[in-house]
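Undergrad: only geometry, no sequence info:
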């Protein structure tokens, strides 16, 4: 399939409410349009993911993220602008309780991701504004570096697969900024120590 055909197929699938496998700057993600609960519910069912587990809201650029979550101002906006785009998932306060269908058991908090996407992947995400994103693996399984490492039954059941070649294979670092003292929930593709230093500088 040509790149243009991959692009059109992926965009059509997202707009139809189907899930898509997409390369990020870390591992392959399983994504669906974030607006409205139905695509997220379909993604969770497809992956066999427990609905109590949160997933990230992913956008192709910072400005789109800030439009989706207009309450991210002051402290949260400073942190976002200091660390994104990049291989981080940031857990932030969600006072508007937006996108409750992807926040799991913590509707007052939301995970956000703005990866450094390839041009093709960015176009796919921009077609729907924002997507819900989780790793394209079986629950608890290894994070896929290539399309071949994604479980075959998952590849066969999604609306489209965008092949971005071999990826680094280490998932994003996850940092929770909802309290006064940030907490590192997962050390991943980028240094959490460096991230915390950048965030602290931004808040001075």
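TA: Arrived safely. Quick caveat, the model's predicted, so the values are computed rather than measured.

Undergrad: Going by C-alpha atoms from here, please, whenever you check contacts or count neighbours.
TA: OK.

Undergrad: Contacts made by the lowest-mean-pLDDT helix or strand in the chain with the rest, please.
TA: Lowest by mean pLDDT, DSSP states H and E among the helices and strands of the chain is helix 3-15, with a mean of 93. The contact list for helix 3-15, computed with Cα atoms under 8 Å, 6 or more residues apart in numbering, reads 19-20, 32-33, 120, 123-124, 127-128, 159-162.

Undergrad: Please repeat the previous calculation with a cut-off of 10 Å.
TA: The contact list for helix 3-15 (Cα atoms under 10 Å, 6 or more residues apart in numbering) reads 1-2, 16, 18-22, 31-34, 39, 120-121, 123-128, 131, 158-163.

Undergrad: Please apply the same query to stretch 155-164.
TA: 1, 3, 6-14, 16-25, 28, 30-32, 43, 46-47, 118, 120-121, 124, 136-137, 145-149.

Undergrad: What about these, which are in helices?
TA: 3, 6-14, 43, 46-47, 120-121, 124 (DSSP state H).

Undergrad: Residue 187: which of the residues you listed is nearest?
TA: Proximity of the ones in helices among the contacts of stretch 155-164 to residue 187 (Cα to Cα) peaks at residue 47, which lies at 23.6 Å.

Undergrad: So what's the residue count around that closest one?
TA: 20 (other Cα atoms under 10 Å).

Undergrad: And it, how close does it get to residue 1?
TA: Using Cα to Cα, to the nearest Å, residue 47 is found at 25 Å from residue 1.

Undergrad: For residue 189, see how far away residue 75 is.
TA: Applying Cα to Cα, the value for residue 75 to residue 189 is 24 Å.

Undergrad: what about these two, which has more around it?
TA: Per other Cα under 10 Å, whichever of residue 75 and residue 189 has more neighbours is residue 189, with 19 against 13.

Undergrad: Surely the more buried one and residue 172 touch.
TA: Yes. Using Cα atoms under 10 Å, residue 189 and residue 172 qualify as a contacting pair, with a distance of 5.1 Å.

Undergrad: Need the residues touching each of the two.
TA: 25, 26, 27, 86, 87, 88.

Undergrad: Residue 52: which of those residues is nearest?
TA: Using Cα to Cα, residue 88 is the member of the shared contacts of residue 189 and residue 172 that sits closest to residue 52, with 21.5 Å.

Undergrad: neighbours of the closest one, just the number please.
TA: By other Cα under 10 Å, 29 other residues sit near residue 88.

Undergrad: so how far is residue 32 from it?
TA: For residue 88 relative to residue 32 (Cα to Cα), the value is 19 Å.

Undergrad: do the same with residue 78
TA: Taking Cα to Cα, one finds residue 78 at 27 Å from residue 32.
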